[in-house]
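A structural model of the following input is requested.
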Amino acid sequence: MKKHQFKTTILFKLLLVFSVLFMLPQQTEAQFFKKLVKHAKEKINKEAERRSENRVDKTIDKKFDKAEDKLDGKKTQKDNKGGNSNTNEKANGNSSSSEENNSKETKAKSNKPTVVWSKFDFVPGDTVIFEDGPSADEENGEFPSRWDLYAGSAEIANVNGKNIIMFIDRGGEIVPYLKNSNEDYLPEIFTIEFDVWFEKGQTTANRFFIAFRDKKNQRGKGLGGNFTVYPNGIEFKETDKRYPGTENLGWSNEPVGKWRHISIAYTKGKFKAYMDDTRLINIPHLEGNPWGFTIKSQKGNQYLRNFRIAKGGVKYYDRVLTDGKIIVNGIKFDVNKATLKPESMGPINKIYQLMVKNPELNFSVEGHTDSDGGDETNMTLSKARGKTVMDKLINMGIASNRLKSNGFGESKPIDNNSTPEGKANNRRVEFVKFEGSSSTNSNNSGNNTGLTFNQLDKKTIGAKLESLPESINIPISNNSGIVNGKGTIILYATSDGNLGKMKILDVDKNDNHKLTIKYVTYNYNGSVHSQSNHLEIQGTYTCDLDKGKSENVIYSERDFNLGIQDSKTATLYPGETAILKILK
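From the prediction side, this is the model:
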């Protein structure tokens, strides 16, 4: 109906104009006007068809978005009585106005630590092959030294104390300045990241064009077409999508002026593109081969910064199996600070998912820096960054006894420090696998609060047993090795109702997983009921922590037994009235 009304209205207005033209004294032939009217009708039909298709496409997109939200576990919001609906919010942990009016249960959930960009799944490549910040050493007003000019103009400028690349006058086109730039320098698996600034206003020039070929040195080669970045969305090939919450804005309308972070992942033909925290483009089979990179601005006062091309991408679990650690250079921090940037959540989310799926994995989170700055400053900074990442994982729900942190400054480089790419590879966070528990690690934070075994008195144990999550059994080892070994602290309530603590001193895998512990069981008044600095529990044996023995234990008085499932798997099973919880 709307399509028919639109055609009728426009056609009436055009015929009215043409009738006036017929009455004017002129020599134009009537046949010309007939052709003009016919052309107008055809154009109206095409335009009506196009608008109808767009309306249908938008409806379909909304349906798919809702379906995807349900699959992702997002809550959908129903329209209110006035017919207005809330737009999708960014995945940054903030609650919408309607959510604020929800039940007490929802309000309680909102008090949990929020994770910025919690749905972000982009993971940068392993090795940086081109990077430009630009450097603080670049001279203001000069052309950026790590780029080459194809058209227009660009220069280094300083915005809020940081160097950026500024396109001036009517914009310009620049390409990375690389050796052999006439060859295909994008590998079959690569990622590209950069930030672009859109100033306040609405104009068709308010966009960036990306070509996946070096237009200066790779003419006639590479991938055809433009990848277009607008303030409110991305367009590539036959696909375009808005950033959630900007549906009521024009594509080129930027109401306040903002930076946008763009991430691109290419894996043997599969193409994905993200704006800030949201994936907007997903092409499973991209036709053509990306060779290089060109970025074009059509106007002045548009900025570019934090540009990076990286190659490779091995699954994190495979890296742990082969190397015993995961090296990540995609976790980024503010300059000279331990504050995480939002785009760091992609790799962190992947590490979190890996640890959830593989509960036997424990990681030492270790920060590393490049050689800029003093040794002592870099050492302090790297330790703080390692701890920041560890704390983020703990806040997301990983038990603190599975994590510890450290930092090594610039002392362990994996690349040279003479190029921006080398420095970028050296600025990294490593997740190094370790066995056992980190409960006594002084760098730990969260619920553990750094308590050592000796600091745990009866009152503290009682409070901890109340606050720690419920647990049934405690794994000691599995097919991947020791899960909770030397250093693990376990709090308990015995079958007689006494409270206590024990620390694992050793797990002997060669002796049926014989467990060696030290323990202290307290009376109700806080005095010591029983204790030992060396108590051995044989595999399949039971233990009475009230009497401090692991042989000839009356079954009803057992506090736990060390169960052996096979040659690699051992588990602590609490007695019927006993409680065991790992200190987290």
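
can you tell me the SS state at residue 319?
Three-state call for residue 319 (DSSP: H, G, I helix; E, B strand; the rest coil): helix.

pretty sure it contacts residue 325?
Yes: in this structure, residue 319 is within contact of residue 325 by Cβ atoms under 8 Å, at 7.2 Å. C-beta coordinates here come from the backbone N, C-alpha and C atoms, glycine included.

can I take it that residue 356 is in a strand?
No: assigned with three-state DSSP, residue 356 falls outside any strand and is helix.

do you know the pLDDT at it?
Here the pLDDT value assigned to residue 356 is 89.

and what of residue 30?
pLDDT for residue 30: 49.

and what of the one 10 residues further on?
We note a pLDDT of 50 for residue 40 in this prediction.

now the one 10 residues further on
What the model reports as pLDDT for residue 50 is 49.

now stretch 242-257: buried residues?
The neighbour-count check on stretch 242-257 (16 or more other Cβ atoms under 10 Å) flags 242, 243, 244, 246, 249, 251, 252, 253, 254 as buried.

does the last one touch residue 207 like I think?
Same thing as residue 254. No: if you go by Cβ under 8 Å, residue 254 and residue 207 don't touch, sitting 10.1 Å apart.

list the residues that contact both of the two?
residue 231 (Cβ atoms under 8 Å, 6 or more residues apart in numbering).

just to revisit the earlier point, would you list the buried residues of stretch 242-257 in TSV and tack on pLDDT?
Below are those laid out as TSV (pLDDT from 0 to 100):
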residue	pLDDT
242	95
243	95
244	94
246	94
249	92
251	94
252	92
253	94
254	95
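
helix, strand, or coil at residue 387?
helix.

you'd agree residue 495 is up against residue 574?
No: counting by Cβ under 8 Å, residue 574 is not a contact partner of residue 495; they are 9.2 Å apart.

shared neighbours of those two, which are they?
Shared contacts of residue 495 and residue 574, counting by Cβ under 8 Å, 6+ apart, come down to residue 559.

could you look up the SS state of the one residue sitting closest to the centre of the chain?
For the chain, the residue nearest the mean C-alpha position is residue 346 (1.8 Å; Cα atoms, centre = their mean). The three-state assignment at residue 346 reads helix, by three-state DSSP.

can you tell me the closest non-neighbouring residue to it?
Nearest residue to residue 346, sequence neighbours excluded (Cβ to Cβ, 6 or more residues apart in numbering): residue 122, at 4.2 Å.

just the element for that neighbour, please.
For residue 122, there is no helix or strand it lies in under DSSP states H and E.

okay, now it: neighbour count?
23 (other Cβ atoms under 10 Å).

kindly provide the distance from it to residue 233.
Distance, residue 122 to residue 233, using Cβ to Cβ, to the nearest Å: 17 Å.

and residue 561, by the same measure?
60 Å.

please enumerate the helices of the stretch 51-200 of the chain.
97-100, 104-110 (DSSP state H, counting those that start in this stretch).

cool, and the stretch 201-350 of the chain?
For the stretch 201-350 of the chain, the helices defined by DSSP H, counting those that start in this stretch cover 316-323, 345-357.

tell me which of those sits nearest to residue 157.
Residue 157 lies closest to helix 345-357 among these, at 28.7 Å (Cβ to Cβ).

partners of the next helix or strand after that closest one in the sheet?
Counting by DSSP H and E, the element after helix 345-357 in chain order, helix or strand, is strand 363-368. The strands beside strand 363-368 in its sheet (DSSP bridges) come out as strand 403-407 (parallel), strand 428-433 (antiparallel).

what are the buried residues along the very next helix or strand once past the last one?
Read it as strand 428-433. Next along the chain after strand 428-433, taking DSSP H and E as the criterion, comes helix 458-467. Within helix 458-467, the residues scored as buried using 16+ other Cβ under 10 Å are 458, 461, 464, 465.

of these, just say which sits nearest to residue 224.
Scanning those for proximity to residue 224, where the rule is Cβ to Cβ, the winner is residue 464, at 62.8 Å.

beta partners of the nearest residue to that closest one once chain neighbours are set aside?
Of all residues not flanking residue 464 in the chain, residue 491 sits nearest, at 5.6 Å (Cβ to Cβ, 6+ apart). On the basis of DSSP bridges, residue 491 is bridged to residue 501, residue 581.

would you map out the domains in the chain?
Domains of the chain are assigned by automatic domain parsing as 2-71, 127-311, 316-433, 452-582.

picking up where we left off before, mean neighbour count added to the strands paired with strand 363-368, as a markdown table?
Formatted as a markdown table, these follow (neighbours: other Cβ atoms under 10 Å):
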| stretch | mean neighbour count |
| --- | --- |
| strand 403-407 | 24 |
| strand 428-433 | 22 |
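
top strand in this structure by residue count?
Identified as the longest strand of the chain according to DSSP state E is strand 162-176.

which neighbouring elements make contact with that strand?
For strand 162-176, the elements it packs on are strand 127-132, strand 147-159, strand 294-297, strand 302-311, judged by 3 or more Cβ pairs under 8 Å, 6 or more residues apart in numbering; DSSP states H and E.

each with direction, which strands does the longest one pair with?
What it means is strand 147-159. Strand 147-159 is paired, per DSSP bridges, with strand 162-176 (antiparallel).

repeat that for the last one.
Taking DSSP bridges as the criterion, strand 302-311 sits next to strand 127-132 (antiparallel), strand 162-176 (antiparallel), strand 189-198 (antiparallel) in its sheet.

what residues does the first one touch?
In other words, strand 127-132. 144, 146-147, 165, 176, 178, 185, 187, 190, 307-312, 329, 420-421, 424-425.

residue 121 versus residue 136, what's the distance?
32 Å.

adding distance to residue 500 and mean pLDDT, write the strands paired with strand 363-368 out as JSON lines.
Shown next, in JSON lines, are those (distance: least, Cβ to Cβ, whole Å; pLDDT from 0 to 100):
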{"stretch": "strand 403-407", "distance to residue 500": "25", "mean pLDDT": "95"}
{"stretch": "strand 428-433", "distance to residue 500": "31", "mean pLDDT": "95"}
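
between these, which gets nearest to residue 267?
Across the strands paired with strand 363-368, closest to residue 267 is strand 428-433 (Cβ to Cβ), at 21.6 Å.

ok, which of the strands paired with strand 363-368 comes nearest residue 292?
The nearest among the strands paired with strand 363-368, by Cβ to Cβ, is strand 428-433 at 26.0 Å.

what bridges to residue 543?
Going by DSSP bridges, residue 543 forms beta bridges with residue 560.

got a list of what it touches?
Counting by Cβ under 8 Å, 6+ apart, residue 543 makes contact with 535, 537, 549, 550, 553, 558, 559, 560, 561, 562.

quick check: the fourth one touching residue 536?
Yes: proximity of residue 550 to residue 536 meets the contact threshold set by Cβ under 8 Å, at 6.8 Å.

out of those two, which sits in the busier spot?
A direct count of neighbours by other Cβ under 10 Å for residue 550 and residue 536 places residue 550 higher, at 21 against 17.

so who does that one touch?
By Cβ under 8 Å, 6+ apart, the neighbours of residue 550 are 535, 536, 537, 538, 541, 542, 543, 544.

and residue 337, how far from residue 561?
Counting by Cβ to Cβ - residue 337 and residue 561 are separated by 50 Å.

among the helices of the stretch 201-350 of the chain, which is nearest residue 302?
Closest to residue 302 of the helices of the stretch 201-350 of the chain is helix 345-357 (Cβ to Cβ; 25.4 Å).
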